[in-house]
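Student: Turn this into a model:
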Amino acid sequence: MSATQMIQYVKDGLNDFGFRYYHLFQGFRPFPYEEYLLHEDRATRKYAFIAFCLYLGGGWVHSTVPFEEKRLEEFTTRFVSRHEAFREEFPVIYQEVLFLLGRFYVELSPQLTKTTKSEIERLPIESVKEATPVRKLCSAFGVPTSDTF
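Tutor: Here you go, the predicted structure:
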């Protein structure tokens, strides 16, 4: 499995995001996206970060936990370990992930280890009061949006 495959799978999953937002998000092809979150290549990190954001967003809209416990823990731990770098590199996606973690934390909490929970609690989640506007998020994802947003 390669970074190129991972990027393509995320791009395929993003095809209609600007027209359906999280509401119809069906997930991506099975792939260990979390393994690429700390990749040395910026584009690879970006698409792995987009996958994390979309899984959280799909779970928030559908009120379901979209991850297997192990994958959620790995994604979250990797995100927290470099959250400041993500804030600098991908500020729009970072803000959306903070928003989603803040809204979805209660549902996620039982699946996370005590260490990861305490790391999430140190993030500036309370500073994000609302979801990122869809057009801005689509722009950060590099996808077109519908005129309805």
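Student: In the chain, mark out all the helices, start to finish.
Tutor: Assigned by DSSP state H, the helices in the chain fall at 3-13, 17-20, 42-62, 69-81, 83-89, 91-108, 114-121, 134-141.
Student: Show me what the last one packs onto, helices and strands only.
Tutor: It refers to helix 134-141. Helix 134-141 sits against helix 17-20, helix 91-108, with contacts defined as 3 or more Cβ pairs under 8 Å, 6 or more residues apart in numbering; DSSP states H and E. Quick note: C-beta positions are derived from backbone N, CA and C, even for glycine.
Student: just the first one next, same as before
Tutor: The helices and strands touching helix 3-13, judged by 3+ Cβ pairs under 8 Å, 6+ apart, are helix 42-62.
Student: ok, and what's touching the helix it packs on?
Tutor: 3, 6-7, 10-11, 13-14, 17, 21-23, 25-28, 33-39, 65-67, 75, 79, 86, 89-90, 93, 96-97, 100-101, 103-104, 107, 141 (Cβ atoms under 8 Å, 6 or more residues apart in numbering).
Student: which residues does the residue lying closest to residue 87 once chain neighbours are set aside contact?
Tutor: Distances taken as Cβ to Cβ, 6 or more residues apart in numbering put residue 94 closest to residue 87, at 4.6 Å, once the chain neighbours are dropped. With contact set as Cβ under 8 Å, 6+ apart, residue 94 has these partners: 83, 86, 87.
Student: Could you check how many residues crowd around residue 133?
Tutor: By the criterion of other Cβ atoms under 10 Å, residue 133 has 13 neighbours.
Student: Now do the phi/psi pair for residue 132.
Tutor: The phi and psi values for residue 132, taken as degrees, to the nearest 10, are phi -70, psi 130.
Student: Please verify my assumption that it contacts residue 90.
Tutor: No: Residue 132 is beyond contact range of residue 90, at 11.5 Å (criterion: Cβ atoms under 8 Å).
Student: Overlap in contacts, these two.
Tutor: Any residue near both residue 132 and residue 90 by Cβ under 8 Å, 6+ apart counts here, and that gives residue 140.
Student: Who has more neighbours out of those two?
Tutor: Comparing residue 132 with residue 90 by other Cβ under 10 Å, the one with more neighbours is residue 132, at 23 against 20.
Student: returning to what we had before: return the most buried member of the helices and strands packed on helix 134-141.
Tutor: Highest mean neighbour count of those: helix 91-108, a mean of 19 (counted as mean count of other Cβ atoms under 10 Å).
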